[in-house]
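S.K.: Have a look; sequence and predicted model below, questions after that.
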Amino acid sequence: MNDDNMDSRDLSSFANASGQSNQPSRPPQGHALVRPTSGVAERVIGAQPVAVYRDEQRILQKLATLAAAAGSDWFYRFPVRKAGGGQDFIEGPSIKLANDVARIFGNCAVEVRELDVGDAWVFYARFTDIETGFSMERAYRQRKSQSSMKTKDADRQLDIAYQIGQSKAIRNVITNGLQLYCDYAFEQAQNSLVQRIGKDLPAWRTRTVEGLAKMPVDLARVERTVGRAAKDWLAPDIARIVAMMKSVADGMTTTDEVFPPVQEVAPPSQGSPSGTADAAAQDAGTADPEKTGARAPGSAEEEGGEDDPVLIAYERGRQAKAAGSTAKALPGEYRSEDRRAEADAWRSGLDGKPAPGKLV
């Protein structure tokens, strides 16, 4: 009988289940299914024996093959503000690239633990190469207030910010621990996408414009950011736009940050730093005359034609000339075939020619 009770206690302890005996309760023994997210994680010291050692040449071949299929999934592009004013863009490998590179590289481990510091989380991500024993740890601070999408659900936004921070921490440690392989995969993905677009450029232009409309975002804003009209986009231009759209879809940035509204890019009234002169000039070329309050001699309003779209376009061209714009700054709404008269009037204003219907 005693042997039966002993076997029952042993089986209960092995299964991590609470027994029915009169013995004092104690913490379950055995395997833990959940690891703590904070504190010092266990570290593998030194190289470990593995069943199959990696082949570097084969890794590069696999990365090149997958890059052709991954395309924009393997890199991102989003804007950052310059210290002296203006905007620049950052490109780099995505979290999907980092995960795939680590998987193909093999015989490695990535661990993440998180510390809550009040208004932010600090994620500590560690990469370990089991074959060589190399280990690297990097910290990433993610603010809880980051807003990546328009939603009134504060809890959902907090969850999204947490996941973004965790993904960035993992991406950062992998791209630093496996820098050579990640750079190679990034370049292969970029080149493959550009080549793919170049083989069917008209179709890609159409699909990209349709995709932008679904976001939705005004095409004129995208054209201002790229610096070319949609009909003139080249394969590298479309590849960059696709990457920017992908960064918005992944929650890395917002539509307004990637394709700034007209009034948010160095308005002429604030003055334009040297690095943003072109953006300010284009703002003037696409500004609404009724909002600017301009009353230039010979303007559409002085001519009594404030409701005439052709004269309004001419006045906008005059303002663009005053701001130093070029013909490339033609407002996007005038680029369609049915508004050619307004486009011609805008160019006349830009070139200093007489207003339509007015003699010299």
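M.R.: Arrived safely, thanks for sending.
S.K.: how about the helices of the stretch 101-250 of the chain, start to end?
M.R.: Counting by DSSP state H, counting those that start in this stretch, the stretch 101-250 of the chain has helices at residues 154-177, 179-199, 201-214, 219-226, 235-249.
S.K.: For Pro354, find the nearest of these.
M.R.: Closest to Pro354 of the helices of the stretch 101-250 of the chain is helix 219-226 (C-beta to C-beta; 26.9 Å). Placement of C-beta: from N, CA and C, glycine included.
S.K.: Nearest to Thr255 among the helices of the stretch 101-250 of the chain would be which one?
M.R.: Between Thr255 and these, the tightest spacing by C-beta to C-beta is seen for helix 235-249, at 5.6 Å.
S.K.: pLDDT of the next helix or strand after the closest one, averaged?
M.R.: Downstream of helix 235-249, the first helix or strand assigned by DSSP states H and E is helix 255-258. Average pLDDT, helix 255-258: 81.
S.K.: circling back to that earlier point, what would the helices of the stretch 101-250 of the chain look like in TSV with mean neighbour count?
M.R.: Supplementary listing: the helices of the stretch 101-250 of the chain in TSV, determined by neighbours: other C-beta atoms under 10 Å:
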stretch	mean neighbour count
helix 154-177	18
helix 179-199	18
helix 201-214	14
helix 219-226	21
helix 235-249	21
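S.K.: so who does Asp119 touch?
M.R.: By C-beta atoms under 8 Å, 6 or more residues apart in numbering, the residues touching Asp119 are 143-145.
S.K.: Among those residues, name the buried ones.
M.R.: Buried members of those, scored by 16 or more other C-beta atoms under 10 Å: none.
S.K.: Arg196: what's its closest spatial neighbour, skipping adjacent residues?
M.R.: Gly71 (6.7 Å; C-beta to C-beta, 6 or more residues apart in numbering).
S.K.: now the helices of the stretch 101-250 of the chain in TSV, with mean pLDDT?
M.R.: As requested, the helices of the stretch 101-250 of the chain are exported to TSV (pLDDT from 0 to 100):
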stretch	mean pLDDT
helix 154-177	91
helix 179-199	89
helix 201-214	91
helix 219-226	88
helix 235-249	84
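S.K.: So which of the ones you listed is nearest Phe134?
M.R.: Closest among those, once you apply C-beta to C-beta, is helix 154-177, at 7.4 Å.
S.K.: what does the closest one rub up against?
M.R.: 92-95, 97-99, 101-102, 108, 110, 112, 114, 121, 123-127, 129, 134, 136-149, 151, 182, 251-252.
S.K.: Confidence-wise, which of the contacts of Asp119 comes last?
M.R.: By pLDDT, Ser145 ranks lowest within the contacts of Asp119, coming in at 85.
S.K.: gap between the spatially closest residue to that one that is not a sequence neighbour and Tyr314?
M.R.: Leaving aside its sequence neighbours, Ser145 sits nearest to Asp119 (C-beta to C-beta, 6+ apart; 7.0 Å). To Tyr314, Asp119 is 52 Å away according to C-beta to C-beta, to the nearest Å.
S.K.: Ser94 too?
M.R.: Using C-beta to C-beta, Ser94 is found at 46 Å from Tyr314.
S.K.: next one: Asn107
M.R.: In terms of C-beta to C-beta, Asn107 sits 68 Å off from Tyr314.
S.K.: ok, those two, which is more surrounded?
M.R.: Taking other C-beta atoms under 10 Å, Asn107 and Tyr314 do not tie; Tyr314 has more neighbours (29 against 16).
S.K.: Quick one: name whatever helix or strand follows the helix or strand harbouring that one.
M.R.: In this structure, Tyr314 sits in helix 309-322 according to DSSP H and E. Tracing the chain past helix 309-322, the next element assigned as helix or strand by DSSP H and E is helix 340-351.
S.K.: buried sites along that following helix?
M.R.: 342-350.
S.K.: tell me which of the residues you listed is nearest to Thr65?
M.R.: Ala343 (46.4 Å).
S.K.: Hmm, the closest one is touching Ala313, no?
M.R.: Yes: the criterion here is C-beta atoms under 8 Å, and Ala343 meets it with Ala313 at 7.3 Å.
S.K.: who touches both of the two?
M.R.: Common contact partners of Ala343 and Ala313 (C-beta under 8 Å, 6+ apart): Tyr334.
S.K.: Look up how far Gln190 lies from Asp232.
M.R.: Counting by C-beta to C-beta, the gap from Asp232 to Gln190 is 21 Å.
S.K.: show me what contacts the nearest residue to Val242 once chain neighbours are set aside?
M.R.: Once flanking residues are discounted, Val242 sits nearest to Ser72: 4.7 Å by C-beta to C-beta, 6+ apart. Contacts for Ser72 (C-beta under 8 Å, 6+ apart) come out as 189, 193, 239, 242-243, 246.
S.K.: between those residues, which is closest to Ala220?
M.R.: Set against Ala220, the nearest of those by C-beta to C-beta is Val242 (18.7 Å).
S.K.: ok, that closest one - contacts?
M.R.: Shown in contact with Val242 (C-beta under 8 Å, 6+ apart): 71-72, 193, 208.
S.K.: Let me know the distance separating it from Gly211.
M.R.: From Val242 across to Gly211, the span is 8 Å (C-beta to C-beta).
S.K.: same deal with Ile164?
M.R.: Where Gly211 is concerned, Ile164 sits at a distance of 22 Å (C-beta to C-beta).
S.K.: likewise Gly84?
M.R.: Computed as C-beta to C-beta, the Gly84 to Gly211 distance reads 33 Å.
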